[in-house]
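**Student:** just a sequence and a predicted model for now, questions to come.
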Amino acid sequence: MSREVRVRFAPSPTGPLHMGGVRTALYNYLFARRHGGKMILRIEDTDSQRFVPGAEEYIIESLKWCGIEIDEGVGVGGPHAPYRQSERKEIYLKYAKQLVEAGWAYYAFDTSEELDALRKEAEAAGQTFAYNYTVREKLPTSLSLSKEEVEQRIARGDIWVVRFKMPENEVVEMDDLIRGHVKVNTSTLDDKVLYKSADELPTYHLANIVDDHLMEISHVIRGEEWLPSLPLHYLLYRAFGWQDSQPQFAHLPLLLKPTGGGKLSKRDGDKMGFPVFPLFWTSPTGETAKGYREDGYFAEAFVNLLALLGWNPGTEQEIFSMQELIEAFSLDRVSKAGARFQPDKAKWFNAQYMHHKSNEELAELFQPILKANGVEVSDELAGKAAGIMKERASFITDLWDLTSYFFVAPEQYEEKQMKKYWKGENPARLAELREVLAAIDDFSLENTEAVVGAWIQEKGYGMGQIMNTLRLALVGAGKGPGMYDVTAFIGKEECLKRIDYILTNLKPIE
RNA sequence: GGUCCAUUCGUCUAUCGGUUAGGACGCAAGAUUUUCAUUCUUGAAAGAGGAGUUCGACUCUCCUAUGGACUACCA
């Protein structure tokens, strides 16, 4: 009963992994770690037509960025290597034949053209063509042809496929860890292709079941789009006689578009302005797609928000580290209905992580942006500036706008702020303030605040007028943190310089 | 069309027969503030519809509606 937990993430390298796929990988990973089991990465590249170069590397890098560790599989090896299905192609034919011999499958010699014609014909008659018990003995299959003819056709190189012989009118009873008990009548199903002689490759269904069995997978956690093929998979385990070691299944709810209907797709992101992929992607044909990483998201925030899309801990906690997720995760708290992805909430998650970063961490992330803006400062200063303003930022990329005046004097002065404060007595008061500041030796935040505060009180000036005029001089706009944060950061010399500049160069409004 | 799955505030969700149906994002208002923000407080906002079962249903059953997935020699 208590067998080792072994789960697999089995993407097919047909393009960049999208966030739904990352979530599937994440849930597999959390489940494995929660139960002290193994996480396996298997690449299902049995479709040579749709293979996209670079996709596998992209998948591996995405998982790495997210902190999803692979115990066994492509890139790390393991006792069941190889883990790439294209490198396992010899093993599948044997199993396909085994099924034919046992009477669970048969050879079919139809060509694609013939099948297309049959579909069209059925459509014209207002019906849908299904390759199943109603036609398999009328079409060119090993069920209708003589044994000799079948052998002859194979020998002379006719193309063939192996199809599963779906039983007629039998109810398959299945259990899903998320959805509970599900029943389907096999008469509504069709005879799926399991193996193709044309490229000597199995289809998903065969490769999947054989590999899950060989790799001793205990739990199959995958997207809901696989639920309709679950009966076939159950029957395949039975056909092979592997039902005793059959894995348990859990079908995850889909990730839906933010607006409208349907599941999340690449184009939604382009349209709505948020990424659908973890990492920036460039296809071999030169098409590109935005990535969370490049858009300034922290991997921890991305993982956190993904984890909560379709799962919740049952408590009111929303911020989780990977370790906390591992401890809290369970499949029975995964919801059944599809989850609509909401970009606003994603932003909020990132802001939460932003607010909790140390100055050191922020400095490291902020330095490249400073350099790009031509600013060379110590990590300490970069971190300090970021630290002062981090509560107002959602992304690391917001920081430059928020802190530029710490590093460079204003080049222009916001009109609104000028109209409001650069008039009347304010310029003269600023000149007075300049002398007050010039006389201060200890330019620390506390001391400056105390001295200037006392001066304002003594003179009976308006706090707002004075401070905002100073803000105009130092920041050039009506934004920023407390003024003494600014004065202490830029220092006395720079402070006086900026005041002198505005005093001599900016004409008061009248 | 067929099969399967789903359905609580705009969104993510809590509730596992008895609650003023809770939280979060977003939104609105107020407070704080030298600016902009932050922060805090408050507010608006939900059980798709209809039948049952039950003393009692958001919760169980059925029907309807709606949404979704699948229906390839793709995964």
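**Tutor:** Happy to help now that I have it. Numbering: from 1, shown residues only, chains lettered A, B, ... in the order given.
**Student:** give me the number of residues near residue A:401?
**Tutor:** Other residues lying near residue A:401 total 12 when counted by other C-beta atoms under 10 Å. Using the backbone N, CA and C atoms, a C-beta is placed for each residue, glycine as well.
**Student:** please disregard the earlier target; I meant residue A:352.
**Tutor:** Residue A:352 has 17 nearby residues by other C-beta under 10 Å.
**Student:** isn't it right up against residue A:319?
**Tutor:** Yes. Look at residue A:352 against residue A:319 with C-beta atoms under 8 Å: they come within range, at 5.6 Å.
**Student:** wait, residue A:169 touches residue A:185, no?
**Tutor:** Yes. Assessed by C-beta under 8 Å, residue A:169 is found in contact with residue A:185 at 6.5 Å.
**Student:** who has more neighbours, these two?
**Tutor:** More crowded of residue A:169 and residue A:185, by other C-beta under 10 Å: residue A:185, with 13 against 9.
**Student:** and that one, how far is that from RNA strand B?
**Tutor:** Distance, residue A:185 to RNA strand B, using C-beta to the nearest atom of the strand, to the nearest Å: 7 Å.
**Student:** residues in contact with the residue nearest to that residue when sequence neighbours are not counted?
**Tutor:** Closest residue in space to residue A:185, ignoring its immediate chain neighbours: residue A:171 at 5.5 Å, by C-beta to C-beta, 6 or more residues apart in numbering. For residue A:171, the contact set (C-beta atoms under 8 Å, 6 or more residues apart in numbering) comprises A:183-186.
**Student:** for residue A:171, grab phi and psi.
**Tutor:** Torsion angles at residue A:171 (phi, psi; degrees, to the nearest 10) stand at phi -90, psi 120.
**Student:** next one: residue A:161
**Tutor:** Phi and psi for residue A:161, reported as degrees, to the nearest 10, are phi -130, psi 160.
**Student:** for it, give me the pLDDT.
**Tutor:** For residue A:161, the pLDDT comes out at 97.
**Student:** how close does it get to residue A:194?
**Tutor:** According to C-beta to C-beta, to the nearest Å, residue A:161 and residue A:194 sit 8 Å apart.
**Student:** who has more neighbours out of those two?
**Tutor:** Remark: of residue A:161 and residue A:194, residue A:194 carries more neighbours, 26 against 21, as counted by other C-beta under 10 Å.
**Student:** quick check: pLDDT value at that one.
**Tutor:** On the pLDDT scale, residue A:194 is placed at 98.
**Student:** isn't it right up against residue A:202?
**Tutor:** Yes. The pair residue A:194 / residue A:202 is scored as a contact, 6.3 Å apart, by C-beta under 8 Å.
**Student:** intersection of neighbour lists for those two?
**Tutor:** Residues touching both residue A:194 and residue A:202 (C-beta under 8 Å, 6+ apart) are residue A:96.
**Student:** so which helix or strand takes in residue A:357?
**Tutor:** Counting by DSSP states H and E, there is no helix or strand that carries residue A:357.
**Student:** grab the nearest non-local neighbour of it.
**Tutor:** Leaving out its chain neighbours, the residue that sits closest to residue A:357 by C-beta to C-beta, 6+ apart is residue A:390, at 6.6 Å.
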